[in-house]
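[1] got a predicted structure plus its sequence, pasted below:
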Amino acid sequence: MRSSITKRLALIAMIPATLFAIVLLASPANAAAVSTTQLSADIVTLTNQQRAAHGCKALKVDARLTKAAAGHSAYMARGGAFSHTGAGRSSFVTRVKAAAYPRPLSENIAYGYRTGADVVKGWMASPGHRANILNCKASTVGVATAYAANGNPYYTQDFGY
């Protein structure tokens, strides 16, 4: 009988440990396993693949556009906002020019996608975003990703002439 009670107590003691392990595995930290740098680099590569397939030249990454994109992704991630309007009601043109880039062209934003491939696939399925990616007049790009506290990634892709 003593052995039966010991086994039951051991099983009962394992329940909280099991629940704790499940919570850790489901935490937003695991959603953020892919670095923001890697996600952004993947998006640039996949964007350029789409452009090449449609006869456009590859975009060059511009640090100023990347800075503007990073600020906007961080703003969206901090506030849960999903909009082309940023801090202080700024437009993408205002943000890009504030980052010292003189010729802004367009902007794509996204959130919630877990891979760069899914982001670009989503943009290519949207007529407006697709037009931005396939605008052969664009010559430069800046892409940035930021994670919200809940683990959701926010993406900004700024294009320039």
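    Received it, and whenever you're ready, just let me know what you need.
[2] how many neighbouring residues does the closest residue in space to residue 48 that isn't next to it in sequence have?
    Spatially, and ignoring its direct neighbours in sequence, residue 48 is nearest to residue 58 (4.3 Å; Cβ to Cβ, 6 or more residues apart in numbering). Backbone N, C-alpha and C define where each C-beta goes, glycine included. A count of neighbours around residue 58, defined by other Cβ atoms under 10 Å, yields 13.
[3] do the same with the one 4 residues further on
    Neighbour count of residue 62, defined by other Cβ under 10 Å: 20.
[4] please list all residues in contact with it.
    101, 140-142, 160 (Cβ atoms under 8 Å, 6 or more residues apart in numbering).
[5] buried ones among those residues?
    Buried subset of the contacts of residue 62 (neighbour count, 16 or more other Cβ atoms under 10 Å): 101, 140-142, 160.
[6] ok, which pair from the residues you listed is furthest apart?
    Maximum pairwise distance in those, criterion Cβ to Cβ, is 10.9 Å, between 101 and 141.
[7] give me the common contacts of those two.
    62, 65, 160.
[8] so which of these are in strands?
    residue 160 (DSSP state E).
[9] just to revisit the earlier point, restricted to helices, list the contacts of residue 62.
    Nothing among the contacts of residue 62 maps onto helices, per DSSP state H.
[10] which one of those residues is nearest residue 148?
    residue 142 (20.2 Å).
[11] so the closest one touches residue 65, yeah?
    Yes. Counting by Cβ atoms under 8 Å, residue 142 does reach residue 65; the two are 2.6 Å apart.
[12] okay, and the common contacts of those two?
    In contact with both residue 142 and residue 65: 101, 158, 160, using Cβ under 8 Å, 6+ apart.
[13] of the residues you listed, closest to residue 95?
    Using Cβ to Cβ, those come closest to residue 95 at residue 158, 7.8 Å.
[14] now do the nearest residue to residue 98 once chain neighbours are set aside against residue 113, distance only.
    In space, and not counting its chain neighbours, residue 98 is closest to residue 68: 7.1 Å by Cβ to Cβ, 6+ apart. Residue 68 is 20 Å from residue 113, where distance means Cβ to Cβ, to the nearest Å.
[15] quick one: which of the two has more around it?
    Taking other Cβ under 10 Å, residue 68 and residue 113 do not tie; residue 68 has more neighbours (30 against 20).
[16] the more buried one is in what secondary structure piece?
    In the assignment (DSSP states H and E), residue 68 maps to helix 63-79.
[17] for the next helix or strand after that helix, packing partners?
    Downstream of helix 63-79, the first helix or strand assigned by DSSP H and E is helix 92-98. Helices and strands touching helix 92-98, as assessed by 3 or more Cβ pairs under 8 Å, 6 or more residues apart in numbering; DSSP states H and E, comprise helix 63-79, strand 104-111, strand 153-160.
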